[in-house]
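A.B. asks: This is a predicted model, with the sequence first.
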Amino acid sequence: MKNKIEQALHLLASNKPAQLIRHCGISDGIVQLDGALFLEAIQKFESNYEDLAIEKFVPASGAATRMFAPLSGVDLLNPNDEAEFFFLHLRDFPFFHSVLSTFEKNGLNYNDSSGVERYTRVMDFLFNNGYATLPKGAVPFHAYQEEERTAFAEHCIESTHYMSPNGKHEIHFTIPEEHKTSVENLFQAFFKKQPNAIQNISFSSQDPETHIPVLDKNKMPARNENGEVFLRPAGHGALLKNLQLLKGECVFIQNIDNITEASHHADVAAYRKLMGGVLLNLVEERNNLLRDLSNKIEDAEIHAISFLEKWFKSTENSSSVFEQLNKPMRVCGMVENTGEPGGGPFWVKDDAGFESKQIIEKAQINKEDFEQLAIFEKSTHFNPVDLVCHFLDHNGNKYNLEEYRNPTAALISEKLMLGNRTNVIELPGLWNGSMWGWNTVFVEIPSRVFHPVKTVNDLLKSGHKPKA
């Protein structure tokens, strides 16, 4: 425990706010592809599709507790707005038939029960029988004639549009260790119904050894009711070692809750292919340049500098051109900012004045610096966590991803915990500080492919309903 406390103190002391230069915009850090260029990128992906080791990495460790938070402890005689909306539209939710089945099993008729009695039983179904305590991926997100389909299952269907169901391509879910057996059972039952879904799946869990103590306002470890040091999961940055285990040739990263109803899948998949094609073109050109530099081909450095300036603007770095090229690479989809909470794409500088493109969360900036806050607020685009990554070098060797993490970019926030104000410390975010040293390209994708489910009522939005 002493080492963990020292780690928390070190992360707190060494943390440096990001230094924003300006937000990334179209033609200034964000690439906009349409017309012929759009089709060329998709064709590049499709022409290499069968030969690629395509993987999809889905962080799905979180419980559905937050998703159902607006309903927790609600006064049924005087519900809040979100709870009232939920009850008024209960019949439209994908799990309504499961609600009906529960009533029938108890010898009750849903329509005959009174309002308070009815909704008390619905709340009991949600909070005592499962959904609010399950992993978010195990909650039914969409309803079809033949099934209620969980977010886990929907990922296996959606992915068939850009991954092969023949066993060569794989989806990797990070899940809570304590739910592993129940999640595996969910998948086994689903695959019997949907044999053409992606069935090559694997699991890992966030290592509890990465948990970090919460510190109080005096920088002392907070303690729970039993006097034990209060440990908290270290955020999605703790999944970097899980990501490292993948093959690393073409890895899509997508949040568990950003998954649409099936009639939208083809549209969404077109932009995954777009990003995949951009990545493959970049990797191919980079590998050729690295080989030319290694072989000291004439004008290789001139071409490499031109490539770096075009895509990454990184030639003012003190490291060699070879070192600047020889890094993991990612292509990140960015949608227009519509007020969603979260990070976005920015030009930032380090202590040496070197500029790079980064995904920055509000927690990473000094919010008391009004100039920095103004830059953050002016951002035109939002990070929907829609990435495709490559972390093999030109010889096919996997990079050690830990070497490209910015250790001073921890995510630190103040929260009320155990009745006191505390510093909650998370490791550098998986697509924030943990990928700081990667070569990054931002590509604009339309907001219609971004349909996260942060609260249960989001399941009634357009992306979770059949296309009109």
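C.D. replies: It's in. Since we're looking at a predicted model, the values are computed, not measured.
A.B. asks: ok, which stretches of the stretch 201-350 of the chain are strands?
C.D. replies: 201-204, 212-213, 215-216, 231-232, 250-254, 329-336, 344-349 (DSSP state E, counting those that start in this stretch).
A.B. asks: Point out the one among those strands that comes closest to residue 89.
C.D. replies: In terms of Cβ to Cβ, the element of those nearest to residue 89 is strand 329-336, at 26.0 Å. Just so you know, the C-beta spots here come from the backbone N, C-alpha and C atoms, and that holds for glycine as well.
A.B. asks: on that earlier part again, and the strands of the stretch 201-350 of the chain: which comes nearest residue 363?
C.D. replies: strand 344-349 (12.8 Å).
A.B. asks: so how far is the helix or strand just after the closest one off the chain centroid?
C.D. replies: On the C-terminal side of strand 344-349, the closest following helix or strand by DSSP states H and E is strand 355-360. Once both centres are worked out by Cα atoms, centre = their mean, to the nearest Å, strand 355-360 turns out to sit 17 Å from its chain's centre.
A.B. asks: so what's residue 245 closest to, chain neighbours aside?
C.D. replies: residue 204 (6.9 Å; Cβ to Cβ, 6 or more residues apart in numbering).
A.B. asks: quick one: contacts for the one you found?
C.D. replies: By Cβ atoms under 8 Å, 6 or more residues apart in numbering, residue 204 lies in contact with 172, 174-175, 242, 245.
A.B. asks: who does it bridge with?
C.D. replies: residue 174 (DSSP bridges).
A.B. asks: Residue 58 versus that one, what's the distance?
C.D. replies: 11 Å (Cβ to Cβ, to the nearest Å).
A.B. asks: okay, and the common contacts of these two?
C.D. replies: 172, 174.
A.B. asks: Just the buried ones from the contacts of residue 204?
C.D. replies: Buried residues within the contacts of residue 204, defined by neighbour count using 16 or more other Cβ atoms under 10 Å: 172, 174-175, 242.
A.B. asks: Can I get those residues in a markdown table including pLDDT and distance to residue 322?
C.D. replies: Below are the buried ones among the contacts of residue 204 laid out as a markdown table (pLDDT from 0 to 100; distance: Cβ to Cβ, whole Å):
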| residue | pLDDT | distance to residue 322 |
| --- | --- | --- |
| 172 | 98 | 31 |
| 174 | 96 | 34 |
| 175 | 95 | 39 |
| 242 | 97 | 29 |
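A.B. asks: Redo those as CSV? Include distance to residue 212.
C.D. replies: Below are these laid out as CSV (distance: Cβ to Cβ, whole Å):
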residue, distance to residue 212
172, 24
174, 17
175, 20
242, 17
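A.B. asks: Could you check how far the least confident helix or strand in the chain by mean pLDDT is from the centre of its chain?
C.D. replies: Ranked by mean pLDDT, DSSP states H and E, the weakest helix or strand in the chain is strand 411-417, scoring a mean of 82. Relative to the centre of its chain, strand 411-417 is centred 20 Å away, using Cα atoms, centre = their mean.
A.B. asks: Quick check: which ranges of the stretch 251-400 of the chain have low pLDDT?
C.D. replies: Scanning the stretch 251-400 of the chain for pLDDT under 70 picks out 314-317, 341.
A.B. asks: at 50 what do you get?
C.D. replies: Within the stretch 251-400 of the chain, no stretch falls below the threshold (pLDDT under 50).
A.B. asks: need the helices for it, in chain order.
C.D. replies: 265-294, 300-311, 321-325, 370-377 (DSSP state H, counting those that start in this stretch).
A.B. asks: Tell me which of the ones you listed sits nearest to residue 233.
C.D. replies: Comparing these by Cβ to Cβ, helix 370-377 comes nearest, at 25.7 Å.
A.B. asks: Grab the nearest non-local neighbour of residue 42.
C.D. replies: Nearest non-adjacent residue to residue 42 (Cβ to Cβ, 6+ apart): residue 273, at 4.6 Å.
A.B. asks: Check residue 249 too.
C.D. replies: residue 53 (4.2 Å).
A.B. asks: Tally up the residues packed near that neighbour, please.
C.D. replies: Per other Cβ atoms under 10 Å, the neighbour tally for residue 53 reads 14.
A.B. asks: Then the one 10 residues further on?
C.D. replies: For residue 63, the count of nearby residues is 16 (other Cβ under 10 Å).
A.B. asks: Can you name the residues bridging to it?
C.D. replies: Assigned bridge partners for residue 63, using DSSP bridges, are residue 135.
A.B. asks: which ones are touching it?
C.D. replies: 133-136, 176.
A.B. asks: Looking at these, which is nearest residue 443?
C.D. replies: When those are compared against residue 443 (criterion: Cβ to Cβ), the nearest one is residue 136, at 26.7 Å.
A.B. asks: Contact partners for that closest one?
C.D. replies: Taking Cβ under 8 Å, 6+ apart as the test, what residue 136 contacts is 60, 62-64, 67, 151, 256-257, 453.
A.B. asks: which one of these is nearest residue 307?
C.D. replies: Closest to residue 307, out of all of the contacts of residue 136 and judged by Cβ to Cβ, is residue 256, at 35.1 Å.
A.B. asks: follow-up on the earlier one: would you mind finding the most buried of the helices of the stretch 251-400 of the chain?
C.D. replies: helix 265-294 (a mean of 19; mean count of other Cβ atoms under 10 Å).
A.B. asks: Run the angle between that one and strand 250-254 for me.
C.D. replies: Between helix 265-294 and strand 250-254, the angle comes out at 140 degrees (axes from the mean of the first three to the mean of the last three Cα atoms, to 10 degrees).
A.B. asks: Mind listing the strands the next helix-or-strand element following the least confident helix or strand of the chain pairs with, and their directions?
C.D. replies: Note on strand 411-417: by DSSP H and E, the next helix or strand toward the C-terminus is strand 420-426. Strand 420-426 pairs in its sheet with strand 215-216 (antiparallel), strand 411-417 (antiparallel), by DSSP bridges.
A.B. asks: downstream neighbour of strand 420-426 in the secondary structure list?
C.D. replies: Heading C-terminal from strand 420-426 (DSSP H and E), you reach strand 439-444.
A.B. asks: Tell me how many other residues crowd residue 353.
C.D. replies: 8.
A.B. asks: re the thing from before, so which of the strands paired with strand 420-426 gets nearest residue 113?
C.D. replies: strand 411-417 (37.8 Å).
A.B. asks: which residues are contacting the closest one?
C.D. replies: 11-12, 15, 214, 222, 230, 235, 237, 361, 363-364, 421-429, 432-433.
A.B. asks: could you redo the last one with a cut-off of 7 Å?
C.D. replies: 12, 15, 214, 222, 235, 361, 363-364, 421-426, 429 (Cβ atoms under 7 Å, 6 or more residues apart in numbering).
A.B. asks: Just the closest of these to residue 46, please.
C.D. replies: Closest approach between the contacts of strand 411-417 and residue 46, by Cβ to Cβ: residue 429, at 31.6 Å.
A.B. asks: wait, that closest one sits on residue 235?
C.D. replies: Yes: using Cβ atoms under 7 Å, residue 429 is in contact with residue 235, at 6.3 Å.
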